[in-house]
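Colleague: okay, structure incoming, though there's no sequence with it:
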């Protein structure tokens, strides 16, 4: 049977949020990642892990603050880049602390 | 059974932890003299190694530190960030062994006994990897000691700080030649009073203590003598006791003789439990940041809530207003209570701060004096208002 398009109400919040023992949650405090749909005030949920792969959206400590960036490979180095056309920023990943990678975005409607 | 000679015990201790985390979090602070300063109390809580070169130490008034090093960058403490880094460091440690004893936010013991098979690396390789992983990922450094017991590994981790790894070879001769020349204050059960007593008796090294008869030491130092003598002779069978981060806590609970609806009575009990728990925190020389209150209704339904202080503390008075507030919030059913619990967690080490105006120090001295009087003259000799209320109940 095809459930496509129908609403399911039996999912558990635990399953959706995947908050494991190494989980963390932050509130996005700016629109620097609006290009991937993360808006100011959204809740982002991720895992603390030292092994983040290029392509992942991560939380990193830049200038003393936790910020959201995408980890991209450029040649033989890794960069943390913002995804907002009005707010382009690049930081070499090797110089900063990456706190973990994000797997879930909670966007509040009300 | 594993005998002592087979054990591989690691002690690790993060270097200048709060200041290092601030430097890791902000490129602009790296390589510079940085102090994390208590906002309220105006005291340096942690100084980077660059700052220590200017003679800045903990605890030193921020104003004096600034005079001594005009380039000093003082940042307010961010304990949540330090707790995240702590979780990350312990997370990396879990990759090499499940047997971890957390002592505080930035130090702990690991037992690597028998892990070489499953890790396919020897304990010293595993420890070296942990050290590299921590500095590569978290941009902070830890110092480690590896030895056959807790005593030696703890001393080894602190002896060559910062960013050091010291292995005490697992042979009796090597261990004693490591231990015996050290000054007596390296023994863990030595407070400043015992140190002075030993010094006044002409004992300045651990080796000298080791050679004294136990009964002679007992006359000098009292009940700690046996322990002291054992440690000085490198006898230490203490196991690494696994605990989870939320298990490093001080918790006391009370099940009432009869279930109650009396709010004031429950507040008095909570304060009494907090007194007991904080007494243990102080006795261990620790501080805590988080207070959790749990209530159990008569139908066994549990509710709990918590509060975190802006700065770690070891004084029960700081917690009293929050206990009342938490209870008010939690007890939202009109149902009797059968049990309450107070838990103190997020344990810190070495964050005791004398403040500039002495208010904290006065509260702390009062707490010590209160305990001492009760110990010497009994619990009725002196009572806080809530204890008096409880005694009449």
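Modeller: Received the coordinates, thanks. Since the model is a prediction, treat every value here as computed from it, not as a measurement. Residues are numbered from 1 along each chain as shown, chains lettered A, B, ... in the order given.
Colleague: residues of the stretch 101-250 of chain B that sit close to chain A?
Modeller: The stretch 101-250 of chain B comes close to chain A at residues B:133, B:136-139, as judged by CB under 8 Å from any CB of the partner chain. In this view, the C-beta of every residue, glycine as well, is placed from N, C-alpha and C.
Colleague: can you do 7 Å?
Modeller: B:133, B:137-139 (CB under 7 Å from any CB of the partner chain).
Colleague: and these as JSON lines, adding neighbour count and secondary structure?
Modeller: Shown next, in JSON lines, are these (neighbours: other CB atoms under 10 Å in any protein chain shown; DSSP: H, G, I helix; E, B strand; the rest coil):
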{"residue": "B:133", "neighbour count": "18", "secondary structure": "helix"}
{"residue": "B:137", "neighbour count": "21", "secondary structure": "helix"}
{"residue": "B:138", "neighbour count": "24", "secondary structure": "helix"}
{"residue": "B:139", "neighbour count": "21", "secondary structure": "coil"}
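Colleague: how about these in TSV, adding distance to residue B:280 and pLDDT?
Modeller: Shown next, in TSV, are these (distance: CB to CB, whole Å; pLDDT from 0 to 100):
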residue	distance to residue B:280	pLDDT
B:133	34	93
B:137	34	91
B:138	31	94
B:139	35	95
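Colleague: and those residues, which is closest to chain A?
Modeller: residue B:137 (4.1 Å; CB to the nearest CB).
Colleague: ok, that closest one to residue B:350 distance?
Modeller: Residue B:137 is 25 Å from residue B:350, where distance means CB to CB, to the nearest Å.
Colleague: ok, now residue B:62?
Modeller: Residue B:62 is 17 Å from residue B:350, where distance means CB to CB.
Colleague: which one of those two is surrounded by more residues?
Modeller: The neighbour comparison of residue B:62 against residue B:350 (other CB atoms under 10 Å in any protein chain shown) goes to residue B:62, with 22 against 17.
Colleague: flag every residue of chain A that's near chain B.
Modeller: Going by CB under 7 Å from any CB, the residues of chain A near chain B are A:22, A:48, A:50, A:61, A:63-64, A:95-97, A:99.
Colleague: let's see that with 6 Å instead.
Modeller: Within chain A, the residues that sit near chain B (CB under 6 Å from any CB of the partner chain) are A:48, A:50, A:61, A:63-64, A:95, A:97.
Colleague: can I get the residues you listed in CSV with secondary structure and pLDDT?
Modeller: As requested, the residues of chain A next to chain B are exported to CSV (DSSP: H, G, I helix; E, B strand; the rest coil; pLDDT from 0 to 100):
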residue, secondary structure, pLDDT
A:48, coil, 85
A:50, coil, 76
A:61, strand, 93
A:63, coil, 91
A:64, coil, 91
A:95, helix, 89
A:97, strand, 93
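Colleague: for PyMOL, write the selection for the buried entries among these.
Modeller: To isolate the buried members of the residues of chain A next to chain B in PyMOL, using 16 or more other CB atoms under 10 Å in any protein chain shown:
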select buried, chain A and resi 48+61+64+97
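Colleague: where in the chain is pLDDT low?
Modeller: As the question left the chain open, I've gone with chain A. A:1-9, A:20-21 (pLDDT under 70).
Colleague: my bad, the chain I had in mind was chain B
Modeller: In chain B, residues with pLDDT under 70: B:1-5, B:38-41, B:244-247, B:352-358, B:393.
Colleague: which SSE is residue B:128 in?
Modeller: helix B:123-138 (DSSP states H and E).
Colleague: just to revisit the earlier point, out of the residues of chain A next to chain B, which comes closest to residue B:71?
Modeller: Taking CB to CB as the measure, residue A:64 is the one of the residues of chain A next to chain B closest to residue B:71, at 18.0 Å.
Colleague: ramachandran angles for the closest one?
Modeller: phi 80, psi 0 (degrees, to the nearest 10).
Colleague: what about the closest residue in space to it that isn't next to it in sequence, neighbour count?
Modeller: Sequence neighbours aside, residue B:26 is the residue nearest to residue A:64 in space, at 3.7 Å (criterion: CB to CB, 6 or more residues apart in numbering or on different chains). By the measure other CB under 10 Å, the count of residues near residue B:26 is 20.
Colleague: can you check the one 10 residues further on too?
Modeller: Counted with other CB under 10 Å, residues neighbouring residue B:36 total 28.
Colleague: please enumerate the strands of chain B.
Modeller: Taking DSSP state E as the test, the strands found in chain B are B:9-14, B:34-37, B:44-47, B:73-75, B:100-104, B:107-111, B:142-147, B:165-167, B:250-260, B:286-297, B:302-313, B:337-349.
Colleague: can you list the strands that the second one pairs with?
Modeller: For strand B:34-37, the paired strands and their directions (DSSP bridges) read strand B:44-47 (antiparallel), strand B:73-75 (parallel).
Colleague: which among the ones you listed is found nearest to residue B:91?
Modeller: strand B:44-47 (21.8 Å).
Colleague: what distance do you get for the nearest residue to residue B:6 once chain neighbours are set aside to chain A?
Modeller: Spatial nearest neighbour of residue B:6, excluding adjacent residues (CB to CB, 6+ apart): residue B:113 at 6.2 Å. Distance check for residue B:113 against chain A: by CB to the nearest CB, to the nearest Å, it reads 24 Å.
Colleague: surely residue B:113 touches residue B:10?
Modeller: No. Distance between residue B:113 and residue B:10: 10.2 Å, which falls outside the contact criterion (CB atoms under 6 Å).
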